[in-house]
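Novice: Only the shape, not the letters, is given here:
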């Protein structure tokens, strides 16, 4: 009986180190040059950067460029800078406290709240996974002519790719992700280089002005404000904060040596900022594509299908070089390759994040292949239903429905984001959690609260419009009113849940401070 009780189970209780199987397993050389040390710490930032260039970002950036030229370039820059700040805090929390964000929140809040926040974060991960399923399935359809229903089922098989990757070691997973990022970057650099953009207007777009968040003009059913909200919502994602706080702990650190901990924080921040700069370049290139690769107003359909067809259509191109290349089919093929690479990258990081939040919030562990299979199957169901319901109505309806599903699933990200940002800021501001040396400085606190409040406000402000989009372009006045009422109820619930979270975290932190004082005495 005793031997049976110790047999490994498919689903187990866990309350140990974050990503225990890879925690502290990557050796870091001591006394080496800056670049050799940076190379040893490079990798976790790439896993995080993937979330900032996943398929969900593409249509928002390209459409923003088509509609408003370079006006929203400053929004991409601001979003990227805020992302760098938040990811720095997430990595620092993991390295210093030896807890990922999910574990840290759960340790300072009640079990009930922990389960609620876990469900909320799972929904956000599922929303991003839907975008990955759609992106990968469409890429398979465009590249190989595989029917969409079969292509959607094929995306489930990426669980076997993930199983293979878990056998090759964490460092090699990081290297594969970096290679796929370079594939995506190369594709868009090539296409933008051929377009010869107006560099003066491009760089002027990095400076925000009064028109950046304006509610007029309305172009293609979009205002600068809704375009900016779309870019912000697609750029800063909650699951990246959980992931970074976990993967930052994969390096071997001497916990007894504060200088070694400080070195880990410093080089992990360098790695993160370099990789997020790459993500910024990809998102900026996507917006430039919308302005310079296509003629103004040439992209009538911002879905992946529409973009692929536009890149195959010489009449949509902005200059003679692009027209010649478009005739060969190279532009559209490269676009589909980048889409497939982006989807596979996001698959790897999405699974790791799912493991982090499940173990952190509800102390449950399951094999990585099972975790991936469950998440992917849940994400595949709405995509399959969408494809099956629209497959008999014609190609355009099918493509439009898939694009709408991807955009509408992102609504979960809007109200999940504050529940990762605010706890992260409160934790890293705390002397009890981080110690005097590693707690946030005054300027980081100031920028942190400004970023968190601004993002929360903008995400909640854009929620009514996102709910209205569920009723389609021809929504009636009564449907719009219903959507607004639903949005306002959700906003109230989000604010109440935020108040509960903040109160729980504050009380939990005070108890921990008291415990430290009692221990010191």
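Specialist: Happy to help now that I have it. Nothing here was measured: the structure is a model prediction, and the numbers come from that model.
Novice: since we're on residue 308, how many residues are nearby?
Specialist: Other residues within reach of residue 308 by the criterion other Cβ atoms under 10 Å amount to 22. For every residue, glycine as well, the C-beta is placed using N, CA and C.
Novice: can you give me the helices for the stretch 351-500 of the chain?
Specialist: Counting by DSSP state H, counting those that start in this stretch, the stretch 351-500 of the chain forms helices over residues 368-390, 395-409, 411-416, 418-429, 431-438, 442-461, 463-468, 477-520, given from the N-terminal end onward.
Novice: tell me the secondary structure for residue 20?
Specialist: coil (DSSP: H, G, I helix; E, B strand; the rest coil).
Novice: Distance of it relative to residue 84?
Specialist: Note on residue 20: its distance to residue 84, by Cβ to Cβ, to the nearest Å, is 28 Å.
Novice: Ramachandran coordinates for residue 248?
Specialist: When read as degrees, to the nearest 10, the backbone of residue 248 gives phi -70, psi -10.
Novice: which one of the helices of the stretch 351-500 of the chain lies closest to residue 361?
Specialist: Distances from residue 361 to each of the helices of the stretch 351-500 of the chain were compared using Cβ to Cβ; the shortest belongs to helix 418-429, at 11.0 Å.
Novice: Please give me every residue in contact with the residue nearest to the spatial centre of the chain.
Specialist: For the chain, the residue nearest the mean C-alpha position is residue 51 (3.2 Å; Cα atoms, centre = their mean). Contacts were defined as Cβ atoms under 8 Å, 6 or more residues apart in numbering; by that measure residue 51 touches 128, 237, 239, 240, 243, 346, 349.
Novice: Over to residue 37?
Specialist: 28, 29, 263, 267.
Novice: So among those residues, which ones count as buried?
Specialist: The neighbour-count test (16 or more other Cβ atoms under 10 Å) applied to the contacts of residue 37 identifies 28, 263, 267 as buried.
Novice: sorry, back to before: go through the contacts of residue 51 and give me the one with the most neighbours.
Specialist: Neighbour counts for the contacts of residue 51 (other Cβ under 10 Å) peak at residue 243, which has 31 neighbours.
Novice: Now that one: closest residue in space, sequence neighbours ignored.
Specialist: For residue 243, the nearest residue in space outside its immediate sequence neighbours is residue 353; the separation is 4.4 Å by Cβ to Cβ, 6 or more residues apart in numbering.
Novice: Return the distance of the one you found relative to residue 516.
Specialist: Residue 353 sits 30 Å away from residue 516 when distances are taken as Cβ to Cβ.
Novice: just residue 46 next, same as before
Specialist: Applying Cβ to Cβ, the value for residue 46 to residue 516 is 36 Å.
Novice: Can you pick out the residue with more neighbours from those two?
Specialist: Set side by side, residue 46 and residue 516 show more neighbours around residue 46, with 28 against 12, by other Cβ under 10 Å.
Novice: How about residue 364, nearest residue that isn't a chain neighbour?
Specialist: Counting by Cβ to Cβ, 6+ apart, the residue nearest residue 364 is residue 358, at 5.3 Å.
Novice: What's the local residue count around that neighbour?
Specialist: Residues lying near residue 358 (other Cβ under 10 Å) number 23.
Novice: Spit out the contact partners of it.
Specialist: 118, 122, 364, 365, 366, 371.
Novice: One more: residue 50?
Specialist: For residue 50, the residues meeting the contact criterion (Cβ under 8 Å, 6+ apart) are 177, 180, 181, 279, 342, 345, 346, 348, 349.
Novice: how far does the strand or helix carrying the fifth one sit from the chain's center?
Specialist: If I follow you right, that is residue 342. Under the criterion of DSSP states H and E, residue 342 resides in helix 330-362. Going by Cα atoms, centre = their mean, to the nearest Å, the spacing between the C-alpha centre of helix 330-362 and its chain's C-alpha centre is 9 Å.
Novice: now stretch 318-336, how far from the centre of its chain.
Specialist: Averaging C-alpha coordinates over stretch 318-336 and over its chain gives two centres that are 29 Å apart (Cα atoms, centre = their mean).
Novice: measure that stretch end to end?
Specialist: For stretch 318-336, the first and last residues are 20 Å from each other (Cα to Cα, to the nearest Å).
Novice: Show the average pLDDT along it.
Specialist: Averaging pLDDT along stretch 318-336 yields 87.
Novice: And it, what's buried?
Specialist: Neighbour counts over stretch 318-336 (16+ other Cβ under 10 Å) mark 318, 322, 325, 326, 330, 331, 332, 333, 334, 335, 336 as buried.
Novice: May I ask which two of those residues are separated the most?
Specialist: In terms of Cβ to Cβ, the buried residues of stretch 318-336 reach their longest pairwise distance at 318 and 336, which sit 20.6 Å apart.
Novice: about what we covered before: and the contacts of residue 358, which of them are in strands?
Specialist: Judged by DSSP state E, strands contain the following of these: 364, 365.
Novice: right, and the helix or strand after the helix or strand where residue 264 lies?
Specialist: Assigned by DSSP H and E, residue 264 belongs to helix 258-288. Next in sequence after helix 258-288, counting helices and strands by DSSP H and E, comes helix 304-312.
Novice: From the contact counts, what lies against that next one?
Specialist: If contacts are counted by 3 or more Cβ pairs under 8 Å, 6 or more residues apart in numbering; DSSP states H and E, helix 304-312 sits against helix 55-68, helix 111-144, helix 330-362, helix 395-409.
Novice: Show me the shaky parts of the stretch 51-200 of the chain.
Specialist: Within the stretch 51-200 of the chain, the stretches falling below the threshold (pLDDT under 70) are 159, 162-163, 165-166.
Novice: now the stretch 351-500 of the chain
Specialist: Residues of the stretch 351-500 of the chain that meet the cut-off, pLDDT under 70, sit at 394, 410-411, 472-473.
Novice: Backbone dihedrals for residue 87, please?
Specialist: The phi and psi torsions at residue 87 (degrees, to the nearest 10) take the values phi -70, psi -30.
Novice: picking up where we left off before, I figured the residue nearest to residue 243 hits residue 125, correct?
Specialist: Yes: with contact taken as Cβ atoms under 8 Å, residue 353 and residue 125 are classed as touching, separated by 6.0 Å.
Novice: More neighbours: these two, which one.
Specialist: residue 353 (31 against 26).
Novice: How about the contacts made by the more buried one?
Specialist: With contacts defined as Cβ under 8 Å, 6+ apart, the neighbours of residue 353 are 125, 239, 240, 242, 243.
Novice: redo that, cut-off 7 Å
Specialist: The neighbourhood of residue 353, defined by Cβ atoms under 7 Å, 6 or more residues apart in numbering, consists of 125, 239, 242, 243.
Novice: ok, those residues vs residue 104, which is closest?
Specialist: residue 242 (10.0 Å).
Novice: now the closest one: how far from residue 66?
Specialist: Computed as Cβ to Cβ, the residue 242 to residue 66 distance reads 33 Å.
Novice: Pick out whichever of these two has more residues nearby.
Specialist: Legend: neighbour count by other Cβ under 10 Å for residue 242 and residue 66, higher for residue 242 (30 against 26).
Novice: Regarding the more buried one, what is its secondary structure?
Specialist: Using three-state DSSP, the structure places residue 242 in helix.
Novice: Okay, it and residue 122: tell me how far apart.
Specialist: Using Cβ to Cβ, one obtains 11 Å as the distance from residue 242 to residue 122.
Novice: May I ask which helix or strand encompasses the residue lying closest to residue 384 once chain neighbours are set aside?
Specialist: Setting aside the residues directly before and after it, residue 384 is nearest to residue 152 in space (Cβ to Cβ, 6+ apart), at 5.6 Å. Under the assignment given by DSSP H and E, the secondary-structure element containing residue 152 is helix 148-156.
Novice: tell me what that helix is packed against?
Specialist: Contacting helix 148-156 under the criterion 3 or more Cβ pairs under 7 Å, 6 or more residues apart in numbering; DSSP states H and E are the following elements: helix 111-144, helix 368-390.
Novice: Please list the residues outside it that contact it.
Specialist: Contacts with helix 148-156, where a contact means Cβ under 7 Å, 6+ apart, come from 133, 136-137, 140-141, 146, 376-377, 380, 383-384, 387-388.
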